[in-house]
Each structure stands twice: as structure tokens, then as C-alpha cells.
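In: build me a structure from this.
(2 chains)
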Amino acid sequence: MTAVEQPTGAGERTASPPYFVNLWVDGLFLGGFSILFFVYLRFGVVLFDQNTGANEATFLGQTASRWALMAFWVLNWPHFAATSYRLYRSRETTSQFPITAWVVPVVLGVGAVAALSSPEGFAPWFVKMFFIWSPYHFSGQTIGLTLLYARRAGFTITPLLRWSLTWFVYATCVEIQARAELPGTVVSFGDVVLPTIGIPTWVVSVTNVAVIGLGAVLLFALTDAVRQHRAGGGAPQSGLGFPPILVIPALAQLVWFKLSVGTWDTPSYFEFVNLFHSVQYLFIAWFMQMKERQVATGREGSGAMLIRETAIWGIAIFAVGAFMFRGSGNLIAALFPVSVGVAAAVMTALFQLHHFFVDGVIWKLRNPRVRGALTTSLSELTGRTGQTGQATGR
Amino acid sequence: MIVLGLLATVTEGGDGSVLEAGTTSPAVIGALLGALALGVATFVASGRLAPRFVGAFGLLGALAAGFGLFAALAPSENQWVGLVLFLGLFALFRLLSRFESITG
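Out: Residues are numbered from 1 along each chain as shown, chains lettered A, B, ... in the order given. Okay, the predicted model is just below:
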């Protein structure tokens, strides 16, 4: 989810509850889990070292290898499938975005065929595109979630706050990617060795300073927004003067892309970042899916309905995700003279690149239907409030 | 697709060796063909499509061209060129965030 980027106009208020569930649950899914995991690893590493003498990388490597792959099946891959499902579930949705639905897959598909035909001459750059785009995509989601919660809480995002949030988040992304593009860096994905762009080493230092500076501007902008909110007669959002959840996505991003770097085995930790991103996504997508199903079926909200719809949706996105990222690579390797490592890398790049396009169009808050569904809550979905059908934009 | 595959095979050479950056690699040729096709498609369809669809085709063409530059220049021995390429890719991603967007 990258594109819930929409200005929250001054004085704009919503009648929706500020959280999908509550501060604690929403906060955990939006980044709290990843921050707690970061803290756990800090202390976990120390305990592990004391007991066994193993180094940090060994600890994290073991943890990652044990959990990450399994979690990819149930979190990461389904989150891609959930995106595709949102687009392709009906003719109505595909007709809204026909280029994204039909033309982009053809263009990317041609690229994938070329990559499979030329594992050394085309595939490295094709796969590398998704490698560079991916952290940018994560950043878009961080910004989008922050703006979504500001809208739900009726907290005005001032132009300075929006600007500083955007540039701070993207600066963390540029910094971590800059580290990967230094001359001599070697990164492989599957059987594909990826090209490194080759940028001056000082770029990392500059982006590091930029992150710190923009972080300071962001804090100032937040303080200023709170002052303006109070001056405009806005209700106090918390003891802090703003909804605390607003800082969680950006804080999580800071942990993912900056605080974890150099602390331990970064590549292993970054595997988890993919999962944390998916956790964020699936949390929001689940509410969206349930709300839309509720409206489509015309049923009253209930726990039974949620369980049934969750089971159907969950099985579907699990199965499709497994095919996209495991089955398709094996199938292509079985049918054509290409290794599983190359086929899986190319197919992963294909589906990820398409995901970036799809996510860029289906979550726009300026779309009233999206905006309506994203104001739901667990209370509403379980029938404990009377808002059913009010906010769908239909 | 078949043409692209053949081109990839021919330009890669019979031994499948990787070509040096800056030469006419399969990735560059593929990207140029893609940009060309998208440019023509944009022109042909421009009178019949809504502006947001025309813009989307234009962005796809820009992506194909950007990919071609990326393939032609990376890895770059000139780090300044690498820096421009690096920042240019992020600018392209930023532009693509407006892909086929709807308002209202």
C-alpha cells in the first residue's frame, strides 16, 4: 500500500473512529511489532552471547532462517496476492484501472520473457529494478498510513509536516539504498547476480546527515502542527497533543532502514522488514476487504461473518501467493531450459513490479470508495455500532 | 516476446557471455524497443483515450527508457554518472506514483 497519500486539509474532520481497533492493536500492526522485535534482538543477542558465545550475526541468521521463510508463506506472499485480488476481483475494478490491470502486466511480462531468455544479459537489471523500487514502495506505505490515521483522527497535516514527513521517510530509503549501490558491493537474488550502480561513498554520509536534519525538521513541524491544532480549537488528541499512532510508522521505518543498519547482520534483519511491511499491509487490507464484503452482501456486521469472510479471503490469498512466488518459478523451470534460481528471481521481480503499480492506484484516498472503506472499525464490522454502509462512498 | 528473446540471444553472443556495460546489451535493446512501442501506442491512441490513460502510457514509456539507461550505464565507472542514475531512478519512481491516478 503506497498511495493513500492525500492532503488532509485544514479543518477537515471525519466522523470515523481514530483506530481500526484501538491504539495498542493498531500500533502493534503498524510498526510496534517490528520495533519490539528490534528491541528483543538487542537484548536477545546479549543473552545469546552470554550463554553460547556465538556472535550476533549467527544469532540473527539462525533466527531468520528459522522463521522468515515460514512467515513469507503466510504474510509476505499473501500480501501480494491480496493486492492482485483487489484489482482483479471484478470487471468493475479492472475497468477503473485498465492500464494497470491489462497493459502493465503485458509490458512487464515481455520483460520477464526477455529476462528468462537472457539470464545474464537482461535478468540482472530486470531483477535489480524491483530491488531498488522495493524500499521506495515501503516508504510510500509509511507515509500513506500516517496520513490515513491523521485523517481518521481529524488531525490536520500542515504543509510543513507533510513535506518533512515525506522527505524524512524517503531520505531513510535513499540512505539504505545508497549503501547497497557503493562500488564493489555484490548482491545476488536467487541465481541472478545483480549489478551495482556505483555511486560516490560520500553519498551515504550526506544522506545520513539529511535523515538527521529532516528528522529534526519533522519534529519541529509536528510541534507546530499541534500548536496550530490547538489554536484552531481542535480537541486534544492525547497528552502529547497529537495522536501517538501518527509517529509509529515513521519510527518503524527509522528502525528498519537506519537503526538496524550495522547493528547486526543487516541482510537478515531486512528479510524481516519485508514481513513487517506485509503485516502493516494485511492489517489495513483485511479491514478494507471485510468492509467491502459487508457492503456487497448487505449483511449486518457480526463475528461469524468476519470469521467466514476471513477464512475465504485468507485461503485465497495464501494459495495465490504461494503460486506467484513458489509455484510459478518451479513451473517455468520445469517447462523451459532455465534454472529454478533464475526463474524464481525473474517471477518474483515480475510480480513485485506489478504490485508496485497496483498499489499505487488502488489505495488513493481521493477515491471516495477507498476513503469510505478505510474509515471502518472492528466495532462497526462486528455490528457494535450503527455505521454499516455509511462510509463506503457508494 | 519472441523477438525480444531472439535479440537477447543474438546480442549476448553464442557463448552466453555477459556484455560490458555501455555496449548494446539485450537489456538496452529490449528497453529501447519497449519505449518505442509505447511511444507509438501513445501516439496512435492519444485521440481516443482519456488524458489519464495517455499519461499512463507516457509514464510506461518513461519507465522503459529509464530502464534502458539503467541497463546501459550500470555498473558505472564514473561515479557521478552513477549518482545521477541513482537519483534519477528515485525521481522516476516518484513520477510513477501518479500512474493512472483518478480524482474525485
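In: wait, A:Val203 touches A:Ala180, no?
Out: No: A:Val203 lies out of contact with A:Ala180 (Cβ atoms under 8 Å); the separation is 11.4 Å. From N, CA and C alone the C-beta is placed, and that goes for glycine too.
In: need the contact list for A:Leu160.
Out: Counting by Cβ atoms under 8 Å, 6 or more residues apart in numbering or on different chains, A:Leu160 makes contact with A:217, A:221, A:224-225.
In: go again with 10 Å.
Out: Going by Cβ atoms under 10 Å, 6 or more residues apart in numbering or on different chains, A:Leu160 touches A:217-218, A:220-222, A:224-225, A:228.
In: over to A:Val255?
Out: Contacts of A:Val255 by Cβ under 10 Å, 6+ apart are A:31, A:34-35, A:37-39, A:172, A:261, A:263, A:269, A:273, A:276.
In: straight-line length of stretch A:315-330, end to end?
Out: Counting by Cα to Cα, to the nearest Å, you get 21 Å between the two ends of stretch A:315-330.
In: contacts made by it with the rest, please.
Out: A:72-86, A:88-89, A:112, A:190, A:278, A:282, A:285, A:289, A:331, A:338-348, A:350-352, A:354-355.
In: right, is the helix or strand harbouring A:Leu222 up against chain B?
Out: Using DSSP states H and E, A:Leu222 maps to helix A:202-231. Yes: contact of helix A:202-231 with chain B (Cβ under 10 Å from any Cβ of the partner chain) involves A:202-203.
In: and the host helix or strand of A:Val295, how far out from the chain's middle?
Out: Counting by DSSP H and E, the element that carries A:Val295 is helix A:266-297. From the chain centre to the centre of helix A:266-297 is a distance of 7 Å (Cα atoms, centre = their mean, to the nearest Å).
In: swap in stretch A:28-36?
Out: Here the centre of stretch A:28-36 is set off from its chain's centre by 13 Å, with Cα atoms, centre = their mean.
In: alpha carbons only: can I get the longest helix out of those in chain B in CSV?
Out: Secondary structure of chain B per DSSP state H: the longest helix is helix B:51-73. The C-alpha trace of helix B:51-73 is given here as CSV (Å, rounded to 0.1, in the frame of the first residue of the first chain):
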residue,chain,number,x,y,z
PRO,B,51,-5.9,12.0,-20.7
ARG,B,52,-5.1,9.9,-17.6
PHE,B,53,-4.7,6.8,-19.9
VAL,B,54,-2.5,8.8,-22.3
GLY,B,55,-0.4,9.9,-19.3
ALA,B,56,-0.1,6.3,-18.1
PHE,B,57,1.2,5.2,-21.5
GLY,B,58,3.7,8.1,-21.4
LEU,B,59,4.9,7.0,-18.0
LEU,B,60,5.3,3.5,-19.1
GLY,B,61,7.4,4.7,-22.0
ALA,B,62,9.5,6.8,-19.5
LEU,B,63,9.9,3.7,-17.4
ALA,B,64,11.1,1.7,-20.3
ALA,B,65,13.6,4.4,-21.3
GLY,B,66,14.7,4.8,-17.7
PHE,B,67,15.3,1.0,-17.6
GLY,B,68,17.3,1.2,-20.7
LEU,B,69,19.5,4.0,-19.3
PHE,B,70,19.9,1.9,-16.2
ALA,B,71,20.9,-1.1,-18.1
ALA,B,72,23.3,0.9,-20.3
LEU,B,73,25.0,2.7,-17.5
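In: name the SS class of A:Ile197, please.
Out: Of the three states, A:Ile197 takes coil under DSSP: H, G, I helix; E, B strand; the rest coil.
In: now do the same contact list for the closest residue to it other than its chain neighbours.
Out: Among residues not flanking A:Ile197 along the chain, A:Glu181 sits closest, at 4.3 Å (Cβ to Cβ, 6 or more residues apart in numbering or on different chains). By Cβ under 10 Å, 6+ apart, the residues touching A:Glu181 are A:128, A:132, A:174, A:187, A:195-200, A:203-204, B:74-76, B:79, B:82-83, B:85-86, B:89.
In: what residues are up against B:Pro75?
Out: So B:Pro75 contacts A:124, A:181, A:183-185, A:194-198, B:20-22, B:82, B:85 (Cβ under 10 Å, 6+ apart).
In: sorry, back to before: from the contacts of A:Glu181, list the buried ones, please.
Out: A:128, A:132, A:174, A:195-200, A:203-204, B:74-76, B:79, B:82-83, B:85-86, B:89 (16 or more other Cβ atoms under 10 Å in any protein chain shown).
In: quick check, pLDDT for the residue nearest the centre of chain B.
Out: The centre of chain B sits closest to B:Ala64, judged by Cα atoms, centre = their mean, with a distance of 1.7 Å. You'll see B:Ala64 listed with a pLDDT of 94.
In: that one contacts B:Gly30, correct?
Out: Yes: counting by Cβ atoms under 10 Å, B:Ala64 touches B:Gly30, with 8.5 Å between them.
In: find residues that contact each of the two.
Out: A:110-111.
In: residue contacts, A:Pro135?
Out: A:170, A:172-177, A:180, A:253, A:256-257, A:270, A:273, A:277, B:90.
In: same thing but at 8 Å, please
Out: Contacts of A:Pro135 (Cβ under 8 Å, 6+ apart): A:173, A:176-177, A:257.
In: can I get these in a markdown table with pLDDT?
Out: Shown next, in a markdown table, are the contacts of A:Pro135 (pLDDT from 0 to 100):
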| residue | pLDDT |
| --- | --- |
| A:Cys173 | 94 |
| A:Ile176 | 92 |
| A:Gln177 | 93 |
| A:Phe257 | 90 |
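In: quick one on the thing from earlier: now the residue nearest to A:Ile197. Its backbone dihedrals?
Out: Backbone torsions of A:Glu181, given as degrees, to the nearest 10, read phi -110, psi 10.
In: circling back: quick one: check the helix holding A:Val295 for contact with chain B.
Out: No: residues of helix A:266-297 are not located near chain B by Cβ under 8 Å from any Cβ of the partner chain, the shortest gap being 15.9 Å.
In: rewinding a little: from the contacts of A:Leu160, which is closest to A:Arg151?
Out: Of all the contacts of A:Leu160, A:Arg151 sits closest to A:Ala225, with 13.7 Å by Cβ to Cβ.
In: so the closest one is in contact with A:Pro243, correct?
Out: No: using Cβ under 8 Å, A:Ala225 is not in contact with A:Pro243; the gap is 11.2 Å.
In: and the nearest residue to A:Leu161 once chain neighbours are set aside, how many residues sit next to it?
Out: For A:Leu161, ignoring the flanking residues on the chain, the nearest one in space by Cβ to Cβ, 6+ apart is A:Ala221 at 4.1 Å. By the criterion of other Cβ atoms under 10 Å in any protein chain shown, A:Ala221 has 21 neighbours.
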